[in-house]
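[1] Sequence plus predicted model, see below.
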Amino acid sequence: MAVAVQLFVPCYVDQLYPQVAEATAAVLRQAGCEVRFDERQTCCGQPMSNSGCAADAAKLARRHLDIFRGTVSVSPSASCVSQVRNHFHDLGVTLDDADHQTMADTFELSEFLVNRLGVTEFGARFPHKVGLHASCHGLRELGLGSMSERRSGVVASPAELLLRKVAGLELVPPTRPDECCGFGGTFAVAEAGLSARMGRDRCADFATAGAAFITATDMSCLMHLDGISSRHGGPRALHLAEILVST
């Protein structure tokens, strides 16, 4: 029986990178899922929450939980998933058992495919050198991979396991595997100069490793890095889902 999932599309993906949402849906269908999409969904409230506007974020959190209530949802954004799973309870929203279950049943794409479904191969082909950027939210809030500050051994992330099954793809590691790209949502606005310098350092690290492309589980990080690369030269950015549907 097909697993029914609701596609949770971040607002910036909906507005700027709809092809990432389409690729996510295609990958989920290949994995045997019945993909549904509720057009009522809006922003999860993460930008407001990060800016200290808790009351505004709470309204969006309540709306999100009502729309996704009782479903398993999958998103191509680790940061938005972490907002739902880990931060909705900090906003003063009244939560019942169904709300808590909805939060727990919200997954980032790669963790859902690998950890929930046990699917790692999609017959994709991408004959390029690729650097995998570990987004801060995915790594440190969802546990997708190993943090270098914790000396407990290296564990491959779900995204890495998926990429290693892509024909022709060569993973090239950066010198600093889990360094922040500098985006940080509203941080990129409040501290634009520092954010840009961090992004240039990250792009340079991947370029030195020989990467032609940078991929990640967060299109927000990739948006930041791709903007820098387009101005200064460097690897192109492509979401993990887009690589998994490449042939």
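    Now that the structure is in, tell me what you want to look at. It should be emphasised that the depicted structure is a prediction, and the values quoted were computed from it without experimental measurement. Numbering: from 1, shown residues only.
[2] Look at residue 14 and say how many residues are nearby.
    Residues contacting residue 14 under the criterion other CB atoms under 10 Å number 14. Using the backbone N, CA and C atoms, a C-beta is placed for each residue, glycine as well.
[3] That one should be in a strand, yeah?
    No: going by DSSP: H, G, I helix; E, B strand; the rest coil, the assignment for residue 14 is helix, not a strand.
[4] which non-adjacent residue is nearest it?
    In this structure, residue 14 finds its nearest non-sequential neighbour in residue 21, 6.7 Å apart by CB to CB, 6 or more residues apart in numbering.
[5] list the buried ones in the helix or strand that residue 20 is a member of?
    Secondary structure from DSSP states H and E places residue 20 in helix 18-30. Buried residues in helix 18-30, counting neighbours by 16 or more other CB atoms under 10 Å, are found at 20, 21, 22, 23, 24, 25, 26, 27, 28, 30.
[6] next one: stretch 43-61
    43-50, 56-58, 60-61.
[7] before we move on, what about stretch 134-151?
    Quick answer for stretch 134-151 (16+ other CB under 10 Å): 134, 135, 136, 137, 138, 139, 140, 141, 142, 144, 145, 146.
[8] Which of the helices or strands spans the fourth one?
    What that stands for is residue 137. Take DSSP H and E as the rule and residue 137 turns out to sit in helix 136-140.
[9] Please export the alpha-carbon coordinates of that helix; CSV is fine.
    Listed next in CSV are the C-alpha coordinates belonging to helix 136-140 (Å, rounded to 0.1, in the frame of the first residue of the first chain):
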residue,chain,number,x,y,z
CYS,A,136,22.9,24.1,10.3
HIS,A,137,19.3,23.3,11.0
GLY,A,138,19.4,19.9,9.4
LEU,A,139,22.7,19.0,11.1
ARG,A,140,22.2,20.4,14.6
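[10] hang on, the earlier thing: to the chain's geometric centre, what's the distance from the helix holding residue 20?
    Taking CA atoms, centre = their mean, to the nearest Å, one finds helix 18-30 lying 13 Å from the centre of the chain it belongs to.
[11] re the thing from before, just the buried residues of stretch 134-151 now: which is nearest residue 220?
    residue 135 (7.9 Å; CB to CB).
[12] still on that earlier bit, just the mean pLDDT for the helix holding residue 20, thanks.
    Here helix 18-30 scores 98 as its mean pLDDT.
[13] by contact count, what packs against it?
    strand 3-7, helix 11-16, strand 33-36, strand 73-75, helix 109-111, helix 240-244 (3 or more CB pairs under 8 Å, 6 or more residues apart in numbering; DSSP states H and E).
[14] Out of the buried residues of stretch 134-151, give me the two with the largest separation.
    137 and 146 (15.4 Å).
[15] For the protein, give me the ranges with low pLDDT.
    Across the chain, the ranges flagged by pLDDT under 70 are 1.
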